[in-house]
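A.B. asks: just need the structure, nothing else, for what follows:
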Amino acid sequence: MALRLATDDDWHAMFGIPAPGRWFGMVEANDWMIEGLGAIYLGTDDKWWMTFQRAPGVRKVKTAHAGAMKLLAAAREQGLEIHAIAHPEIRGAEMWLKRLGFAPELKHGEVDIWLTR
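C.D. replies: Reported below is the predicted structural model:
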């Protein structure tokens with residue numbers, strides 16, 4: 001499988017909600033399912049956020065990392081500052097954000113908000 005640009009239909013299939021008004025992303029899918037989707041979207045707080053989701057049982061860490069690097073490169077080209085939250089139930093999520101070039105910027109309650117450096 002190869003990464004391809006994600007569509008609004010991909011977003012809806014992966015997250016079960018309509019796609020945001022402004023976003024771009026990458027997806028890996030086979031003939032019968034989306035294995036993972038990574039996206040950068042404009043949130044209701046007027047900040048750009050990065051999100052990733054894999055289908056249950058799908059690992060493909062290297063593919064997720066490659067997709068994240070492509071998305072962040074596209075964001076840099078557009079001059080976007082990207083925010084992220086490390087999922088507390090995913091072991092290594094904070095380490096992954098660090099490897100992608102994020103640093104913790106502020107706390108929102110119990111959650112750290114990360115920002116691209």
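
A.B. asks: only C-alpha atoms for contact and neighbour calcs from this point on.
C.D. replies: Fine.

A.B. asks: point to the helix or strand of this protein where mean pLDDT is at its lowest.
C.D. replies: strand 102-108 (a mean of 84; mean pLDDT, DSSP states H and E).

A.B. asks: packing partners for that strand?
C.D. replies: strand 111-116 (3 or more CA pairs under 8 Å, 6 or more residues apart in numbering; DSSP states H and E).

A.B. asks: would you point out which residue is most central in the protein?
C.D. replies: Centroid-nearest residue in the chain: Thr51, 2.7 Å away (criterion: CA atoms, centre = their mean).

A.B. asks: hang on, isn't that residue packed against Gly43?
C.D. replies: No. Thr51 is beyond contact range of Gly43, at 11.1 Å (criterion: CA atoms under 8 Å).

A.B. asks: the longest strand anywhere in the chain: partners in the sheet, and parallel or antiparallel?
C.D. replies: What stands out as the longest strand in the chain, according to DSSP state E, is strand 34-42. If you go by DSSP bridges, strand 34-42 pairs up with strand 23-29 (antiparallel), strand 48-54 (antiparallel).

A.B. asks: can you lay out those as JSON lines showing mean pLDDT and distance to Glu89?
C.D. replies: Shown next, in JSON lines, are those (pLDDT from 0 to 100; distance: least, CA to CA, whole Å):
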{"stretch": "strand 23-29", "mean pLDDT": "93", "distance to Glu89": "22"}
{"stretch": "strand 48-54", "mean pLDDT": "90", "distance to Glu89": "13"}
